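S.K.: dropping the sequence and predicted coords here.
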Amino acid sequence: MRWFLFRVFAKRVCFLYGAVSMLTVAILASLYMTSGYAIEGYITDQLERMPWDIAVLQRGDTSRFVEMRDQIAELEDIERIESFGLLRVEIGPLVQLEIDQAGFPVKWIGFVGTSQPDILPPELRRTLGNNSNEAAPPSYQAALVSAQRGGREEASAATRRFTTGSTVRLALVDEEPHEEEELHADADEHQEEWTVHPGEGESLFQAQVTMPPAELERQEFNKWMLRNIGSVSYLPDDALIITVPMDVFTKLASQFAILFETAQGSRGDSLNPYIPEITHLIALDRSQWVSPWDLEASLAKVEPFVTKVHDTAQWMTPFSYVSSELQSVLALMTKTQRLVQLVTLLVALPLLWLGWVLARNMSSLLVLNERRKIGLALIRGIPVTILSSTLLFALLAGGILGGFVGLAGGTAIPVLFYNLSGHTTPSAGFFLRGFAFAIGFVVLGGVFALLSGFGILRYVRKLTPREAMARVSEADSEAHASRVTFSYITVSLIALALGGYKIASWIAGVPLAAGLLQNIESLARIYPISENILNFAGVPLFLFGLTGLLRWRVKWIQSGLSIATAPIVGRMHWFAGQHLALRSGRVVTVLFVAALAMSLTLLPQVAADSFYGRVLRGVQTSVGGDLHIEFNMTEIGDGESRTKPLSEYENELTSSMLAIQEGLQKDSRISSVTTIQQFIVPGFYIPGQSGLMLNLVDVPQKYIDTVYYEDSLGISRPFHEIVNALPEDGVTASQGLLRMREIPLDRDVTLGYGGDSPVPVRFRDITSFLPGQPSAGVAERVGFGAAEVDYLNHMLRADARMIAGGNFAKSGLAGLSVLPSKAVFIVRTKSGDVDDQTAMNIAESLPIRPQEVRWKNAESKRVSKDMFISLALENMKVFMIGGLLLALASVSAIGVANYLADRRTFGLLRLRGLPIPMLLRLSVSMFLTPVLGGLVIGVLLGIISGYGLSQVVWELPRVLGVAGFLSNRLVLTFAAATSVIVFTLVLTAIAVAFGLWPARKSPREAITER
């Protein structure tokens, strides 16, 4: 009996709700899989940016660093191990530094040695001109840490003697300092100077430098260390750094260990500080250690190995410290993986909402189709309880079976797709971890089908045979379904207010309630959580509230649809609007489904495009143009770095600068060239810097015409107005300068000195960044800790510099004492694009070898992925396919229900003489207009929410870079337009197909069809 009832009454219920469950579970499973692939891609990207996996910092007994390296190298699965050493000695009464048998006023001397030259900063591995052996560093390369001179005349005079071939000697003096020398040292603790006795004492180091000393800015050195080594090494102020071959470094480490470490007893406290530090950099065979699919297992393998490295290092010397960026990344991403799973569930909520709407539409469709069968069964005496239990079994069976089918499809299809795209297959551990999710998805599918089909059970229990057989019940049921209660209206208005608030916040770019609610102590903790929830639920809430409002105000639907259908049906628009208003429940459902599906498809793409668009704009702003060529001024000048008037440097550099510029302008691929000269004003105190950076924009108008800039870079006024005003008698301050020093605007400030005369300037404007300025950014890596992220952002925000035009530099700043730094040539090409080969060809054609060459394409490759943007892009594929399928199913279900309800109406219209073309236009307009209206709303909401979420992602802790100075912009790409077009065409085709259906049958068949 029950099996017979199942075949007659419940087979269609089981199939349809099984299909709903299948789609729902398939979408959830696909989201789980794509989230895993998003993490896999993100981890792979981050690992590629990590040059080293483990760093062993050895201090104290550095004489055994070779033995330490050999011991570590014996451990298994180590692919490469290199050493970076820095021996620092403070100059004082017992240790003296001589340059060409004369004292040199620095506080520290450091010796740098590396096992490979590629792990040295560029300033410490320069080559002379077009040296044939360019890969090998000079034997002895000196570098002056920029912060060491501070504008003192003694340093200026000493620098003039420090050139190629200068002899550097470090000696240990046996004699105690004279009493007057001690008094002189105590007089000013910031300028400790000791009398140097040339040739005296025991020589610790003596060699001739092979090149003029380079400028080494401490902050730039730390940036380089973070980018290429993964950690910061202490570089003291007032220091002379000398690069030595590794064999010399090994001897120095052993010699210094004996003199400075073991001699503490005989020397007592009088021995000068000696700070040795050697970092052993370890690269593992990551294929043996790391699986992006099983982060917990990878972390479980890496942690014991890091502990083993630590134990090995501690056995060699207790003064050793082990850090592992790889371990930090795996630990952080293991925690992030759980957060991603939560985010995935939150992301799935709108799609589940779509599935719920589909299931409810199925209920309406089944009621219309099965009503007469159920009525006949009741007339034949079949108990309602048996019918209800049969339908209940059909709902559960369909939900569970559909859930298993959806689970298989939602897992297998993404794996096949990603494997064809070149990704790796997930590990067994990944699937085992997802087993609980899989069971939960199937159970959810069954519960989903049961809850959504509960309306059918309730309908069957209340249905009488007379109601089931009555034809007019269709209209009555539709009118009943279109009624709204007070509670429904209240909930809709609340949802509309919450969704509208979030949309308004996205448009404004800031949470509108932040200032109000964060000051209320009871809401301060709840507010951030509420904002994050609204980021995911804002669009569905807004649409739910909007459609609820439309169901309440049916006249709005009638008026709006009457106007919208007028272009298609002409004078019959009143009929279309009135008829659709009678079915307002289905109209707003179509509107909701089309709008939500479209917005979910468009949102991730717009968010990703806007986010990475801002990042790439930051890259282009940093580069300045298509090509950024940077020179060390000491290399294009006389080879010496010393303090002298700006006008003298301008005269010395003119010929070299012109030669480089002419060489660039002769290239047929180049359309324009502009220059920035950077000098250091040493007498102007800036915490953490060697002095104030002075950037000269030689020809401001040409600079504006050549570089990429945004007016938002200007703080006091638009950026182009600031640059155009540079020929005037005034300078521009960077935002970082005003953060480091309180400098008034439009008042004379003594910038420095020209001889004994002060050089006053007047700061007139403020800018956050100068496009193309000499800088070395650091791409974000997830391995950076919070302190390192804060440090990098602080360095960028505290970048203190002033900007002046070339004319004012020749007049108002001509006598200013400066030190040379960098010369930048910003190039714009005719094609607007520079590839790697073009950049290298242009650089090699120049008369002087540049220190650094940067171009947009190469810098863009260094841009790090964002975890949540990567997740959004992967989930977008599910939104696109799953949302489209759910929307198609929902629109189709509503279309079938509308056709069943309206077929008699269309038949009567044909009998009354309405022409078939007009009938089809009327039918198509009634099916198509709600769909198109929903698509338009969905496009607008998808664009707004995508733009807003891109700003939300920017506010997460990260290395901001130059893009942090730029405003958020909406970016719409061809990919976003394609998704809109595809979605619109598919839904439009479905709507038009249903609109053409009434012409398939004659008027008599349409009226008499049951």
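M.R.: Structure's in. What do you need?
S.K.: drop to CA atoms for contacts and neighbour counts, all remaining ones
M.R.: OK.
S.K.: pLDDT weak spots in the stretch 1-150 of the chain?
M.R.: Residues of the stretch 1-150 of the chain meeting the criterion pLDDT under 70: 1-10, 60-63, 125-150.
S.K.: which stretches of it form strands?
M.R.: 54-58, 78-90, 95-99, 108-114, 141-145 (DSSP state E, counting those that start in this stretch).
S.K.: closest one to R617 among these?
M.R.: Among the strands of the stretch 1-150 of the chain, the nearest to R617 by CA to CA is strand 141-145 (32.1 Å).
S.K.: who touches H280 in this structure?
M.R.: With contact taken as CA atoms under 8 Å, 6 or more residues apart in numbering, H280 is in contact with A55, V56, L57, Q58, R69, I81, E82, S83, F84.
S.K.: any buried residues in the host helix or strand of I503, and which?
M.R.: Using DSSP states H and E, I503 maps to helix 486-508. Within helix 486-508, the residues scored as buried using 16 or more other CA atoms under 10 Å are 488-489, 492-506.
S.K.: got a list of contacts for the helix or strand harbouring A253?
M.R.: In the assignment (DSSP H and E), A253 maps to helix 246-256. With CA under 8 Å, 6+ apart as the contact definition, helix 246-256 has outside contacts at 62-64, 66, 87, 111-115, 204-205, 276.
S.K.: out of these, which are buried?
M.R.: T62, S63, R64, L87, F111, V112, G113, T114, S115, P276.
S.K.: save those residues as CSV, and put in distance to I636 too.
M.R.: Listed next are the buried ones among the contacts of helix 246-256 as CSV, based on distance: CA to CA, whole Å:
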residue, distance to I636
T62, 39
S63, 40
R64, 41
L87, 31
F111, 26
V112, 25
G113, 27
T114, 28
S115, 30
P276, 34
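S.K.: quickly name whichever of those residues is closest to Y947.
M.R.: Using CA to CA, the buried ones among the contacts of helix 246-256 come closest to Y947 at T114, 47.1 Å.
S.K.: surely the closest one meets L87?
M.R.: No - T114 sits out of contact with L87 when judged by CA atoms under 8 Å, with a separation of 11.7 Å.
S.K.: restricting to C-alpha, output stretch 529-546 in CSV.
M.R.: Taking Å, rounded to 0.1, in the frame of the first residue of the first chain, the C-alpha atoms of stretch 529-546 are listed here in CSV:
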residue,chain,number,x,y,z
ILE,A,529,31.4,40.9,15.4
SER,A,530,28.2,42.5,14.1
GLU,A,531,30.0,44.4,11.4
ASN,A,532,31.8,41.2,10.2
ILE,A,533,28.5,39.3,10.1
LEU,A,534,26.8,42.1,8.1
ASN,A,535,29.7,41.9,5.6
PHE,A,536,28.4,38.5,4.6
ALA,A,537,24.7,38.9,5.3
GLY,A,538,24.2,42.5,4.3
VAL,A,539,23.1,41.9,0.7
PRO,A,540,20.7,39.0,1.5
LEU,A,541,19.2,41.1,4.3
PHE,A,542,18.7,44.1,2.1
LEU,A,543,17.1,42.0,-0.7
PHE,A,544,14.8,40.3,1.8
GLY,A,545,13.8,43.6,3.3
LEU,A,546,13.3,45.1,-0.2
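S.K.: off-centre distance for that stretch?
M.R.: Mean C-alpha position of stretch 529-546 versus that of the full chain (CA atoms, centre = their mean, to the nearest Å) differs by 24 Å.
S.K.: which residues touch that stretch?
M.R.: For stretch 529-546, the surrounding residues in contact (CA under 8 Å, 6+ apart) are 346-347, 349-350, 491-500, 502-503, 592, 595-596, 599, 941, 945, 949.
S.K.: flag every buried residue along that stretch.
M.R.: Quick answer for stretch 529-546 (16+ other CA under 10 Å): 531, 534-546.
S.K.: so among those residues, where is pLDDT lowest?
M.R.: Of all those, F536 has the smallest pLDDT value, namely 77.
S.K.: assumed that one was part of a helix.
M.R.: Yes - under DSSP: H, G, I helix; E, B strand; the rest coil, F536 sits within a helix.
S.K.: distance check, it against I529.
M.R.: As judged by CA to CA, to the nearest Å, F536 and I529 stand 11 Å apart.
S.K.: domains of this structure?
M.R.: 81-259+276-284, 627-832 (automatic domain parsing).
S.K.: would you reformat these as TSV and include distance to V569?
M.R.: Formatted as TSV, the domains of the chain follow (distance: least, CA to CA, whole Å):
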stretch	distance to V569
domain 81-259+276-284	65
domain 627-832	49
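S.K.: of these, which shows the lowest average pLDDT?
M.R.: Here the lowest mean pLDDT among those goes to domain 81-259+276-284, at a mean of 68.
S.K.: quote the end-to-end distance of that domain.
M.R.: 9 Å.
S.K.: and the contacts of helix 246-256, which two are the farthest apart?
M.R.: It's S115 and L204 that sit farthest apart of these, by CA to CA, at 21.7 Å.
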